[in-house]
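1. Dropping a prediction and its sequence here:
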Amino acid sequence: MSHITLYHFEGCPACRNAKEWMSELRREKPELKDVPVEMVDVHKTPNFKAPAPFYYVPTFFVDGKKVLEGVATKDKVEEIMRRGVAS
């Protein structure tokens, strides 16, 4: 199972969409229901430091590697969440 991290901040419309899609996917696809995603609010995390530079949110990392930066789609969020499904 891969470690998924979502870097976001409150008030970001694209971040809100990504989080809503994660919730929808957990309801629609039973295999994604329990996929853990660490949520890091970049504005509320003291001494914030990402594993690699990024400039836009939402940004997803999987096992410390950036896999999506900026505007997401529901399909892309699903693809990322599937990496967190236990084998």
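-> Yep, that arrived. Numbers count the residues shown, from 1 in each chain.

2. now the helices for this structure?
-> 13-28, 74-82 (DSSP state H).

3. Buried ones in the last one, by neighbour count?
-> Yep, that's helix 74-82 we're talking about. Judged by neighbour count using 16 or more other C-beta atoms under 10 Å, the buried positions of helix 74-82 are Val77, Glu78, Ile80, Met81. The way it works is simple: take the backbone N, C-alpha and C, and place the C-beta from them, glycine included.

4. which of these sit farthest apart?
-> Greatest spacing in the buried residues of helix 74-82, by C-beta to C-beta: Glu78 and Ile80 (7.3 Å).

5. In this structure, where is pLDDT below threshold?
-> Counting by pLDDT under 70, the chain shows low-confidence ranges at 86-87.

6. out of everything not next to it in sequence, what's closest to Glu24?
-> Leaving aside its chain neighbours, Glu24 sits nearest to Lys74 (7.2 Å; criterion: C-beta to C-beta, 6 or more residues apart in numbering).

7. Contact partners for that neighbour?
-> Counting by C-beta atoms under 8 Å, 6 or more residues apart in numbering, Lys74 makes contact with Trp21, Glu24, Leu25.

8. Beta-bridge partners for the closest residue to Val37 other than its chain neighbours, please?
-> With C-beta to C-beta, 6+ apart as the criterion, Val37 has its nearest non-adjacent residue at 4.7 Å, and that residue is Ile4. According to DSSP bridges, the partner residues bridging Ile4 are Val37, Val62.

9. ok, the residue nearest to Glu24 to Arg82 distance?
-> Note on Lys74: its distance to Arg82, by C-beta to C-beta, to the nearest Å, is 13 Å.

10. cool, Glu24 as well?
-> Separation of Glu24 from Arg82 (C-beta to C-beta) stands at 15 Å.

11. and what of Leu25?
-> Separation of Leu25 from Arg82 (C-beta to C-beta): 9 Å.
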